[in-house]
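1. coords please:
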Amino acid sequence: MTTEYTNADDQLPLHPEQDDNSDVEEEVVPNPFTRADALRLINKNQISFTIPDTFTSIADGDWKDGVFTPFKKLESVIIPKSITSIGMFSFYSCSSLKNINLPDSIIYIGIHSFRDCR
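-> Numbers count the residues shown, from 1 in each chain. Okay, here's the model as predicted:
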């Protein structure tokens, strides 16, 4: 059995549980910033980096291979409001890191995320 929905304006039919005035939130597809992304986007001698706002989190690292660990000269990282979590060990051993902004959008910071930073 097929149910057909129509409206007076001959527009596409509305979902049966949705009216014209409802607020529909867009689904956010998780897109973590990974070590592979960092290696692709950051020069090893770079001192400042802004994470693109297409990413929604910073991935987990491990005790020897954090997302930003290879970048020993990195002093500053700008995190966009699209980021909601910072994975564990992500900035591990970033000994030159002096400045990092943490936007209000951050709701989770993993264990040892900033271990062995200044």
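2. List the contacts of the helix-or-strand element of the chain with minimal mean pLDDT.
-> Each helix and strand of the chain was given a mean pLDDT (mean pLDDT, DSSP states H and E); the minimum falls on strand 99-100 at a mean of 94. Residues outside strand 99-100 that contact it (CB atoms under 8 Å, 6 or more residues apart in numbering): 75-77, 79, 91. Quick note: C-beta positions are derived from backbone N, CA and C, even for glycine.
3. Quickly name whichever of the residues you listed is closest to Arg35.
-> Sorting the contacts of strand 99-100 by how near they are to Arg35, with CB to CB, puts Phe91 at the top with 11.7 Å.
4. residues contacting that closest one?
-> The neighbours of Phe91, taking CB under 8 Å, 6+ apart as the test, are 66-69, 77, 97, 100, 113-115, 117.
5. and it, which of the three is it?
-> The three-state label given to Phe91 by DSSP: H, G, I helix; E, B strand; the rest coil is coil.
6. what about it, distance to Ile78?
-> Counting by CB to CB, to the nearest Å, the gap from Phe91 to Ile78 is 13 Å.
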